[in-house]
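[1] Attaching a predicted model along with its sequence, questions to come.
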Amino acid sequence: MAVQEEIMDTLILGIESSCDETAAAVIKNGRYIMSNVISSQIDLHKKYGGVVPEIASRKHVELIIPVINQALDEAGVSLSDIDAVGVTYGPGLVGALLVGLTAAKAIAFTADKPLVGVHHIEGHIAANYLQYPELEPPFICLVASGGHSHIVQVKSYGEFEILGQTRDDAAGEAFDKISRAIGLGYPGGPLIDKYALKGNSNAISFPRVHFNDGTLDFSFSGLKTSVLNYLNKMEQTGEEINIPDVAASFQKAVVDVLVENTIRAAKMKNINKIALAGGVAANSQLRSEIKSTAQKQGIDVMYPGLILCTDNAAMIGCAAYYEYIKGKRADLDLNAIPSLKLS
Ligand SMILES: Nc1ncnc2c1ncn2[C@@H]1O[C@H](COP(=O)(O)OP(=O)(O)OP(=O)(O)O)[C@@H](O)[C@H]1O
Ligand SMILES: [Mg+2]
């Protein structure tokens with residue numbers, strides 16, 4: 001009689017606390033979200049116009065255990081059912097990272113579970129595996145978030161080559177800074193996205209930076225200065241500033257270079273799959289423009305659902321799963337690395 005082997009599910013508890021979201025999730029076999037709990041601190045930081053690191057850390061301390069418990073409850077599992085704990089250990093705010101990492105280490109130690117350290121950006125990229133269960137590397141990924149603007153060639157699970165990156169501000173950072181300058185507030189991306197819908201993206205001519213050294217790098221600080229100069233000039237001459245037009249023209253300038261360089265990367269590498277990742281991947285114009293432009297050139301475009309674009313622990317659980325099945329384990333002396341490099 002043939003022995004029937006029972007195929008066991010692999011459950012990962014993912015933990016994320018690198019910035020201002022306290023998050024925990026349970027992921028089955030790397031692709032299925034059993035729970036995804038996100039406690040955002042946005043309202044807490046709004047009045048300061050950005051994330052205050054010390055406040056973020058203190059709030060993480062308050063929330064981390066309840067959020068983890070909720071993730072386990074919603075998944076209908078207990079710690080003994082979990083195969084491994086995956087946690088973001090960088091990059092991010094050191095105090096914020098340490099809260100999630102310490103909780104993960106405590107769980108790994110007391111429940112005797114393996115610990116897997118996850119790079120936050122590897123997590124953002126992995127969000128696409130949750131959205132598209134059939135997606136496999138290789139593909140080109142545009143990672144555009146609050147702290148990063150990278151064009152990455154995803155060669156296999158956890159294996160990356162950075163093809164281009166920002167030389168100054170990240171795309172999300174530019175959205176946040178310009179939003180503050182035009183009085184829309186924090187976080188800037190969703191607000192600019194919303195106001196841009198009512199504006200004319202050709203109203204004001206803002207620069208698109210291209211380097212003539214053939215790289216796929218980005219630069220957004222010149223664009224930021226140009227918007228600030230425009231606002232100052234309008235103020236000095238007493239002219240009324242049309243906020244939706246500024247939002248739309250600025251957003252279009254960012255989207256144009258993100259789309260152009262990412263498609264160039266795909267063509268350069270002869271890869272016909274592009275994925276978006278990170279908070280800026282939630283941008284409605286970026287999603288629609290890259291899709292329509294790439295499709296005309298035979299390139300498929302994927303992006304995660306909105307909740308999987310910004311920080312969450314489901315993406316960390318997914319990335320941890322692929323590291324776990326490769327045999328990667330972290331020791332309990334794993335430390336937070338605020339400027340951890342992707343490759
Ligand atoms: N609809 C949108 N359009 C443009 N930008 C957006 C949108 N939604 C969110 N963002 C931007 O995404 C950023 C937050 O994304 P994310 O949570 O990935 O960044 P982070 O975790 O702070 O940075 P990193 O991932 O680089 O460490 C913010 O800068 C925010 O303004
Ligand atoms: Mg992030």
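    Arrived safely, thanks for sending. Residues are numbered from 1 along each chain as shown. Ligands and ions are numbered 1, 2, ... in the order given.

[2] and residue 164, that one's in a helix?
    No: Residue 164 sits outside any helix when classified using DSSP: H, G, I helix; E, B strand; the rest coil, being strand.

[3] and the protein, which of its residues are near ligand 1?
    18-19, 91-92, 120, 124, 145-148, 172, 175-176, 187-190, 193, 278-280, 282-283, 310-311 (Cβ under 6 Å from any ligand atom). Heads up, the C-betas are built off the backbone N, CA and C, glycines and all.

[4] and ligand 2, which of the residues you listed contact it?
    By Cβ under 5 Å from the ion, the members of the residues of the chain next to ligand 1 lying near ligand 2 are 145, 311.

[5] In PyMOL, how would I select the buried members of the residues of the chain next to ligand 1?
    To isolate the buried members of the residues of the chain next to ligand 1 in PyMOL, using 16 or more other Cβ atoms under 10 Å:
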select buried, resi 18+19+91+92+120+124+145+146+147+148+172+175+176+187+188+189+190+193+278+279+280+282+283+310+311
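
[6] Just the ones of the residues of the chain next to ligand 1 in helices?
    Among the residues of the chain next to ligand 1, DSSP state H puts 120, 124, 172, 175-176, 188-190, 193 in helices.

[7] and residue 242, what is it in contact with?
    When the contact criterion is Cβ atoms under 8 Å, 6 or more residues apart in numbering, the partners of residue 242 are 199, 203.

[8] Roughly how far does it sit from ligand 2?
    Computed as Cβ to the ion, to the nearest Å, the residue 242 to ligand 2 distance reads 31 Å.

[9] for residue 117, helix, strand, or coil?
    Classified using three-state DSSP, residue 117 is strand.

[10] For it, name its beta-bridge partners.
    residue 87 (DSSP bridges).

[11] hang on, isn't it packed against residue 89?
    Yes: using Cβ atoms under 8 Å, residue 117 is in contact with residue 89, at 4.3 Å.

[12] now the helices for the stretch 151-300 of the chain?
    Remark: helices assigned in the stretch 151-300 of the chain by DSSP state H, counting those that start in this stretch are 171-181, 188-196, 221-236, 243-268, 284-296.

[13] for those helices, which one ends up most surrounded?
    Counting by mean count of other Cβ atoms under 10 Å, helix 171-181 has the highest mean neighbour count of these, with a mean of 24.

[14] Get me the contact residues on the stretch 51-200 of the chain for ligand 2.
    residue 145.

[15] One more: the stretch 201-343 of the chain?
    residue 311.

[16] give me the residue from the stretch 201-343 of the chain nearest ligand 2.
    residue 311 (4.4 Å; Cβ to the ion).

[17] Equivalent analysis for the stretch 51-200 of the chain, please.
    residue 145 (4.6 Å).

[18] Enumerate every residue touching that residue.
    121, 124, 170-172, 277-280.

[19] any idea which of those is the one closest to residue 336?
    residue 121 (15.0 Å; Cβ to Cβ).

[20] For residue 279, see how far away that closest one is.
    12 Å (Cβ to Cβ, to the nearest Å).
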